[in-house]
Every structure is written in C-alpha cells, then in structure tokens.
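Q: Quick check, what structure comes out for this input:
(chains A, B, C and D, ligands or ions: 4)
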Amino acid sequence: MDLQSCVTIEKEWDIVKARQLGRDIAREIGFGTVDQARIATAISELARNIYLYADNGQVCFEVADELDQKGIAVISLDTGPGIQNISQVMEDGYSTSGGLGAGLPGVKRLFDQFDIQSEEGKGTEIRVMKWLR
Amino acid sequence: MDLQSCVTIEKEWDIVKARQLGRDIAREIGFGTVDQARIATAISELARNIYLYADNGQVCFEVADELDQKGIAVISLDTGPGIQNISQVMEDGYSTSGGLGAGLPGVKRLFDQFDIQSEEGKGTEIRVMKWLR
Amino acid sequence: METLNTDISNYRNLLKHYIEIRDEQSLYGAEQLSKAFIKDNVPPEEIINLHIQALSELYPDIPEYLQYSMNFLLEIMISYGVAHQEFQTLREEQSELKSEIAVAANMQDTLLATTEPDVDGLDIGVISVPAHQMSGDYYHFVMGEDGSFGIAVADVIGKGIPAALCMSMIKYSMDSLPKATMSPKTILKNLNRVVERNVDASMFITMFYTQYIPAESKIRYSSAGHEPGFYYNARSKTFEEIKTKGLVLGVSPDADYREYERTIYKDDMIILLTDGVTECRQGDRFIETEEVLEVIGQYTDLPAQEMVNKVYKHFERMQNFRFRDDFTLIVLRKEV
Amino acid sequence: METLNTDISNYRNLLKHYIEIRDEQSLYGAEQLSKAFIKDNVPPEEIINLHIQALSELYPDIPEYLQYSMNFLLEIMISYGVAHQEFQTLREEQSELKSEIAVAANMQDTLLATTEPDVDGLDIGVISVPAHQMSGDYYHFVMGEDGSFGIAVADVIGKGIPAALCMSMIKYSMDSLPKATMSPKTILKNLNRVVERNVDASMFITMFYTQYIPAESKIRYSSAGHEPGFYYNARSKTFEEIKTKGLVLGVSPDADYREYERTIYKDDMIILLTDGVTECRQGDRFIETEEVLEVIGQYTDLPAQEMVNKVYKHFERMQNFRFRDDFTLIVLRKEV
Ligand SMILES: [Mn+2]
Ligand SMILES: [Mn+2]
Ligand SMILES: [Mn+2]
Ligand SMILES: [Mn+2]
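A: Ligands and ions are numbered 1, 2, ... in the order given. Predicted structure coming up:
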C-alpha cells in the first residue's frame, strides 16, 4: 500500500478536487475510461454526502499494489452525525434524493468491495475498493 | 384513416421489410428519429412473434390523420395458436426470452395505446397506436 | 461487465455496414445485438465505450472534439448504468418476493379449504378467485349434526397480503366455535368479539352467515355489513335482494345481530356473493346491480356449478382479464 | 419523455465547455445533469438524441459518417430505454408490495402481542426481531391461574410471508386451548394435531414450551424439535444445554411429547431461543455454540432485558446488519 492522499471536503468545489485526484490515481494504476468514470461518480457520491451532511470530513485514496493485483481504495471519513440505521441506508430505493440508483447502494455497485462503519454522533467511515482486471 | 399497407411475415427477412415500411410511414407522418427507432423496435417484436409462433400472419400500418392529431397504428394479425393467458403475457418479466424489457409489455411501452384480442386455436390481433406530439 | 472481443467486432462490423449502406437490415441487427447485450448484463456505459472503440478502429482520424464528446457522453451514461444494475437486483428481489407470496397463497388454499356439503335435493355451485395472489375473500361450509349446515361468506375490507392474514384469523375463529352453536346471529356475535379484540382497528370484515335447515325447507341468516345476496323465485323468474341489517365485524365489541328467516321452494335459488361480483367494472364505470342479475339470469337453467363458472367468465372478459377485487359467488338451488 | 429546451442548452453548453477545456468540473456537471435526467424519467435513448442535437449545433460541419454512427447508437439504446421504463414500473410495484407487507407485519405485531408476566422474584428479558418484514418466530406468555405461567417459543421452518401466515395459526391455536391445560406435553400434543391437520405438508414448526411454577421453584418443559435452550448455573458460572427429545409439529398426527422437570436456584437463568441466534454467521461461517455462550456470558451481570439487547446488538454488528433468520432470545432469571 502506498501512502494515502486525501482531499478535505468543505465546499462543493472540493468534490471536484476529490474526483480529479481519484481519476488521476485511477488512470495511473491503469484503469480504462469507463472505470475512471465509475470511480469518479462514486467519489462524487461519497464526497457529496460529507459536503451535505457532515461538518468535517475527507476523501482519501490508497493504491493497492499486491503481487497478483492492483487496485484503488477510496475512503470517506467524516465526523458527522453518523448513520442510525445502516441496513436501511444500504437498501435500494431508500435514498431520499429520489434519484434511481443513487446513494450508497450505487457506490457499492460501482466498486468491488464495500465496508461501512458508523457510530451515532461520532461519524462514518466508508471504505471501497476496486481491482484492476 | 388511410388505406392499410401490410407486410406478410413468413421469413425473418420479412421482419426487416415490416420495420422498413413502418419506419418510412412514421417518417412521412413527421415522427423524429427517436420515435422512428421506437416504432421500428416495436414492429420487430410484433413481427418476430408471428415469425416464431404463428404459421401465418401480417403486420399492417394505418395512418391516422385526425383534426387535431396525427399518428400511426401498427396492427399485427395472425392465425397462430392464440394466447391462453393474456394477463400473464402482459406481465413484466414474463417473457421467456429472458431479455429485460422485451415482449408485449415492451411493445406497450413504446406506443401510446395498446389493444389485444386473442382466441385459442384461432389467432391473435394486436393493435397499437402512437400519436405525434 | 467485460466486453468480449466478439462483441467489439460484431458491433464494429454492423456499424460499418450501416454507415456505408444505411439499410434497415443493419438496424434490425443492431436491435438484436442490443437485446443480447441486455441479456448479458452489459450496462449502457459499456455500449458507449464499445461505440468509441469501434469508431476509432474504423476511422483512426476521427476529429478530436468528437473523441472528447464521446467521453462526455460516457460520463453521462454512468448513472444510467448504476440504475440499470439496480434494475437487475430489483428483478431478482421481485421474483423472490412473488414466489414467497405464491407459497403463502398455497398455504392459504390448504388452510381455507372447505368441503361442499352433499345434501339430497340441494345443488350447490361455488367459485372464489382472488384478484391478486392471495385472497381476502372467504367462504366456509359448516356441517351441523341435525342435517342442517351453515355457509359463511366473508370479505376483508382490503386486498392482498394483509387481507389474507386477516382472513386466516376468521378461519381459526370459526374452527374454535363450538359446533353446537349454529345460530347465525350467535356466530356473528362471537366472531365480532374475536375480530374486535385481535385485529387492528383499521381492519374490518363483513360476513353473511346462512344456515340451511332441510327439514323445514328454511334458511336462517344474519349479516355483518356484508354485500346483500339475492333470492331467486323460480315461479316468477325474478330476483329479490336479501335485505339485512348488521354492523361489520370488528367495530364495536358488543354488536348484536338480527336473524332473519325464509322458506324456500322447489327450484328457488339463494345467491351469495362478495362485492367483487357486484362491483365489477367496465372501463371506468361500475356496473349496475341489474346488469349483474341479467348476467346471472342468463344461466339459471344450468347446474349451479356451471352457472357460477359462466358468470365468472363473463365478468372476466368484461374486465379485460384483470379483476380489481376478489370474486366469490355461491349458488344454492333447492331441487325438490 | 420530451426533452426540454433548457436541457438541450444545458447539455450543449456543458459539452462545449468540456470539449474546450476538458476539466473535471464539466464532468462533475455531467454527472449532476445525468442524475437530474434520471429523476425526470428521461430514457437513455433520449440522451443519445440530445447528444446528437448538441453536437450538430456546436459543429454544423460534423462528418456524415459520425452522424450515421450516432443514429446506429440510438437504435442500440432503444432496448435499454424499454428496460429503463420497466425498471420504473418495477420500482412502483415493489414499493406497493412492500407497503402491503408492512401493513401485514403491523397486523402480525398486533396479533402476536403478548405481555410479559410480572412475577415477583423473576427477571425476564425478551427480544424478537424478524430478518425480513414479517416474522416466522413466535413467543407467547400464557398466565395460569395458580401463579404459574407458560412460555412458548416457536420457529416456522422458513421465513417471510408464508412463515408469518403459518405463525398466526399457532397463535389462534394457542388461544383456543383451554387455559386449564397448562402441561407442556399436552399443549404440544394439541398443537401438533392442529398443525398436522391445517398446514401444508412442507411446513414444519418447532416449539419449546416451558412452564414455570413459582411455588416449587421448578420449570417443566417439552420440546417439539426446537433449538435447545440453556441453563445457566450461577454458582459455577457455567451454561448447560437443555436436552430434550420431541418431533417437530406437523409431521405425524399422533406424536407424543416427553415432559422434563428441573429445579432452579437463586440467580440461575433459563435461556430460550430460536436458531436465528445460534446460527448467526460471520462471513460464510456459522458461529459455534461456544461463541454464542461466550457472548451471552459477557452480560450475565446485567438485568435480563439489557442482557438480551446487548447480545442482539453484538450479533447484529457481527452480521453486517443483515440477519438471515428471525432472531428470538428470552432470558428468565430467578432473583430470590
Ligand atoms: Mn376484500
Ligand atoms: Mn371485496
Ligand atoms: Mn423460521
Ligand atoms: Mn429460524
């Protein structure tokens, strides 16, 4: 694992910064155009959640360079209100934004691995991983 | 209503002929590219059903030119085995072809009006209508 | 998710052919290919990518701005791809849920199974078809020890799973009533208490309970707000509504029910039903009672079972094979 | 379905900006626009059309072959559009079905509601959480007249709607048993007959019935193939499985049940549960009984209700907030 690179999310502009950094890292690892676009879309979703619901948070990237596979990990960390009912948030169609396929289930679909930890009043950490095929 | 133009469906090639005729008529009426493509797709579906399941059948077209609106009617007529359970065939996801959004519900979605009459052992008549907006 | 090489070359060849000749056949090919993609779970953004690849193989000198424009389109299509994937999950979930309901509906059939009494000189016809998978209508025959028997016809206000769950309650409550208590008004009074105690205040059940006493050629009946049945007079060939009063089950803990009595004669019929019969629709219009009776009247010469079958088929066609409510129709004809 | 003019110009401007500058911001804009399109039910083929329009407005001298290629892409996208529309229908259907099930689940809650007995010197904790909306687990307290009381814990083999329907049967059957019949083995024998008679042969129910007799500090219990509970010995701080034999309900009409008896002492506990507790999973692995007891053992100092809550939360986290089976855990602690 390389060192983490992080973008702190404070204004909407930071979402764009996070997308840019994520896309650059993904391209360097060797992801194609479609996957770059998928990664950027997921980063938007994660960063937007921080921007909208948490005072403080960042989106970080790690490059996984293992013997047999390479990949990118995107980690979203915030000290927001936390998620009360994780199972509910992970349900399709729960997203109150009304959009189809949006929300955390969408992020999960765009990546290969998905982990979430959240504590009410303390914050949320989401860690997703996409492997290069 | 103009006179009907019909294409008899015997070989797969006739499906293409029906599409072509339907698309030409739709274009003349004034339908745009997207609607032309939708109409052609629905014609395929109807003609394919005749080609696959009925010995004898045709796809016909009528131009509706009313005071306040113009449109195209596509009529599929066959002397095939008929449909035993119409409600079932009209259910989403019933299509045995396994494709998403295919089958008669797909045809219904591509048009504004949909009518079906079928008698077991005698045949099926489907009539769909699309209006120019 | 991965696009196969054969797909790329298929797509490229078909695209090339279309660009050169622009015939309908290539577009038909495109449609077939598109269906194959969908079947193989290829998301729409992959299609855009495939298009980009095919184009740049066919036209290596494609203008730069077009390359960029296609990348933009691809970005737009990602959300559609996520929605498309959600669709696939939803389809699986839906089919799981539907088969779960099918199992439950099957259980309900077993549970609510009732045997038509075989009474000399009485011809009985019954049909009961749910609008959805599970029924909120209920009918049950209760054999008495003196040759008399009871018929319960009930309807939960509402359809589908909650109604069906509620209906199974009625079944158990009926089962737990002492067999001796065959009087219609007592049965309704007892059931009313059970429903009132056990069921959510928003759930109501209507029931018509008829007791047939062969020795006296009489029926006794009480109704808990149920759709009225009809009495068919064979001599005058006319129908008469069976008028009753009575509160629906579950409203008030101490409702009392009136009991009515009527003598029936040779060839007369008692027609019991739920509002799924009388509230059939034609287009946006509810049909009138007279129309229902007209339809029933057409088949009065048939055996009771054939009669109810014919009536059902008539309304099925009229409603475009889609009932909006559960449909239950029972005919009793006195043969001697 | 119709594309608004503002959409066209929005799309065109964003596309132009991207082609000229190719910055991430335009792509972020593309994503936001895309989500707005999806929200407005714009099907994917309309997006392709929008792209064609925008391109030809921006570059009137676009090569012909590219025009044609885009028409081909549009044709490919039609089937995706139909699938997308089906998705929307499916979503509505699904949410209707889910709210129907929610109503039924609510009814089930009302129906199965039971009151924990308030017995001096006995601390009782209960938690019962369904894996899906409706539960196929069941527990019920039955108050006797001599101060004794019974606890039924049952599990339908299966989950979801069919299991829930089956469960409501058990509730009615329990209700119809004469209150005097408090003996565990008699209760199981009676219930077995009801289940055997009324339920589909493929449906089985396991039940553990315990009767607590305060005057004798004793429990009596019988089991119909149910997951064994545990006895906690407060002096040795050890758990012991409560071993029983007995056929599941519904297999054979004349099954007989053995009755067991045990004296319990101060601070001892009886732990009753369903297999949703003992068959929790961690990843792909079922946990071992020792692990369950270890978890329970951590909380033995807490009041019974807090204890079961803690154990539930432990397994909820372990299983990533998604239980695969209904979860029921009851703890009785003798305080004096
Ligand atoms: Mn009803
Ligand atoms: Mn009804
Ligand atoms: Mn179960
Ligand atoms: Mn279980």
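Q: show me the contacts for the nearest residue to C:E93 once chain neighbours are set aside.
A: Once flanking residues are discounted, C:E93 sits nearest to D:Q94: 7.1 Å by CB to CB, 6 or more residues apart in numbering or on different chains. C-beta: built from backbone N, CA, C; applies to glycine. Going by CB atoms under 8 Å, 6 or more residues apart in numbering or on different chains, D:Q94 touches A:G93, C:L90, C:E93, C:Q94, C:L97.
Q: Skipping adjacent residues, who's closest to the second one in space?
A: Looking back up the chat, that one is C:L90. Nearest one to C:L90, counting by CB to CB, 6+ apart, is D:L90 at 5.3 Å.
Q: any idea whether the residue nearest to C:E93 is helix, strand or coil?
A: Following DSSP: H, G, I helix; E, B strand; the rest coil, the label given to D:Q94 is helix.
Q: Could you check how far it is from C:L329?
A: From D:Q94 across to C:L329, the span is 33 Å (CB to CB, to the nearest Å).
Q: ranges for the strands of chain A?
A: Per DSSP state E, chain A carries strands over the ranges A:5-8, A:57-65, A:70-78, A:113-119, A:123-131.
Q: okay, these in a markdown table with mean pLDDT next?
A: A markdown table is the format used below for the strands of chain A (pLDDT from 0 to 100):
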| stretch | mean pLDDT |
| --- | --- |
| strand A:5-8 | 96 |
| strand A:57-65 | 95 |
| strand A:70-78 | 96 |
| strand A:113-119 | 88 |
| strand A:123-131 | 95 |
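Q: Chain C is nearest to which of those?
A: Taking CB to the nearest CB, strand A:123-131 is the member of the strands of chain A nearest to chain C, at 11.6 Å.
Q: Quick check: neighbours of the closest one in the sheet, parallel or antiparallel?
A: In the sheet, strand A:123-131 lines up against strand A:70-78 (antiparallel), strand A:113-119 (antiparallel) (DSSP bridges).
Q: Surely A:F111 touches A:I43?
A: No. Using CB atoms under 8 Å, A:F111 is not in contact with A:I43, being 10.5 Å away.
Q: Surely C:A164 forms part of a helix?
A: Yes. Under three-state DSSP, C:A164 falls within a helix.
Q: For A:F111 and A:I43, indicate the residue with more neighbours.
A: A:I43 (30 against 19; other CB atoms under 10 Å in any protein chain shown).
Q: Not counting sequence-adjacent ones, nearest residue to the more buried one?
A: Distances taken as CB to CB, 6+ apart put A:G22 closest to A:I43, at 4.5 Å, once the chain neighbours are dropped.
Q: How about the contacts made by the residue of chain C found nearest ligand 1?
A: Closest contact between chain C and ligand 1, by CB to the ion, is at C:G136 (3.7 Å). The contact partners of C:G136, taken as CB under 8 Å, 6+ apart, are C:P130, C:D155, C:V156, C:G158, C:K159, C:G160, C:A163, C:A164, C:C166, C:M167, C:D326.
Q: and with 10 Å instead?
A: By CB atoms under 10 Å, 6 or more residues apart in numbering or on different chains, the contact list for C:G136 reads C:130, C:154-167, C:203, C:205, C:274, C:276, C:325-326.
Q: Look up how far ligand 4 lies from it.
A: Noted for C:G136: a distance of 28 Å to ligand 4, by CB to the ion, to the nearest Å.
Q: Tell me if I am right that C:L332 is in a strand.
A: Yes. The assignment for C:L332 by three-state DSSP puts it in a strand.
Q: Chain C contacts on chain A?
A: A:32-42, A:44-45, A:92-93, A:99-103, A:105-110, A:133 (CB under 10 Å from any CB of the partner chain).
Q: ok, of these, which come out buried?
A: By neighbour count, with 16 or more other CB atoms under 10 Å in any protein chain shown, the residues of chain A next to chain C hold A:33-42, A:44-45, A:92-93, A:99-103, A:105-110 as buried.
Q: just to revisit the earlier point, ligand 4: which of the strands of chain A is closest?
A: The nearest among the strands of chain A, by CB to the ion, is strand A:113-119 at 26.6 Å.
Q: interface residues of the stretch 151-300 of chain C facing ligand 1?
A: C:D155, C:V156 (CB under 5 Å from the ion).
Q: re the thing from before, show only the entries of the buried ones among the residues of chain A next to chain C found in helices.
A: Of those, the ones assigned to helices by DSSP state H are A:33-42, A:44-45, A:103, A:105-110.
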